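Trainee: Okay, structure incoming, though there's no sequence with it:
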């Protein structure tokens, strides 16, 4: 596609529910990244996929967070048993190997 | 998570003024990047720096990769209203280590016409 797309744009959920956030990277990009941006803060790295290599999960804040990338393209970030502190904008980026990261518009998650 | 020290946190200036912001890190990076984020959008890359001491321009924007590899600055000359937004620096190790970006805390820029 023309750019990175993410869905949904906004998500409101109740504390304790699970949520799934989707990222469609730019076609042909081998690397995919998830970041989290809390209100008034910079972006915080969560997880990074590069081709068929094992993902770098070093930024995931707890075991409630997981992500997968199927077929080297679309990625899903799952947050289980959501907490209010999970409220943030979740941004996805993709790049060619070692190239510039292009960001999607983000999913705004609000946990009530 | 780790974040870089970015200053100032916010700036309120008149149209036509020059702006300067900087970023420092306790770690060495191989690449420094500057992004701009508009409301409701993801960050957009403005300038990428790949070599210590490098000075790079993109229109009215100029950025430098510090010689110690632990800092960078961004200058905007002759600001215009559309420069409004949040500016982030980011450092990247790359080179096979990891390509994840470590972001600064952001500088909010407001330009009054």
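Mentor: Perfect, I can see it now. Keep in mind it's a predicted model, so treat the numbers as computed, not measured.

Trainee: Please make it C-alpha for all contacts and neighbour counts, starting now.
Mentor: Noted.

Trainee: Please see if the lengthiest strand in chain B touches chain A.
Mentor: Across chain B, the strand with the greatest residue count (assigned by DSSP state E) is strand B:85-94. Yes: counting by Cα under 8 Å from any Cα of the partner chain, contacts between strand B:85-94 and chain A involve B:88, B:94.

Trainee: strand partners of that strand, parallel vs antiparallel please.
Mentor: In the sheet, strand B:85-94 lines up against strand B:31-37 (antiparallel), strand B:98-103 (antiparallel), strand B:107-112 (antiparallel) (DSSP bridges).

Trainee: next one: stretch B:51-65 to chain centre, how far?
Mentor: 10 Å (Cα atoms, centre = their mean, to the nearest Å).

Trainee: Oh, that last question was meant for stretch B:58-77, not what I typed.
Mentor: Counting by Cα atoms, centre = their mean, stretch B:58-77 comes out at 7 Å from the chain centroid.

Trainee: Tell me if it is near chain A.
Mentor: No: Stretch B:58-77 stays clear of chain A (Cα under 8 Å from any Cα), getting no nearer than 15.9 Å.

Trainee: Okay, buried residues for that stretch please.
Mentor: By neighbour count on 16 or more other Cα atoms under 10 Å in any protein chain shown, the buried set for stretch B:58-77 is B:61-66, B:69-76.

Trainee: got it, and stretch A:74-92?
Mentor: A:74-80, A:82-83, A:86-92.

Trainee: neighbouring contacts of the helix or strand residue A:22 falls within?
Mentor: For residue A:22, the enclosing helix or strand under DSSP states H and E is strand A:19-24. If you take Cα atoms under 8 Å, 6 or more residues apart in numbering or on different chains as the criterion, strand A:19-24 is touched by A:4-8, A:13, A:73-80, A:82, A:92, A:107.
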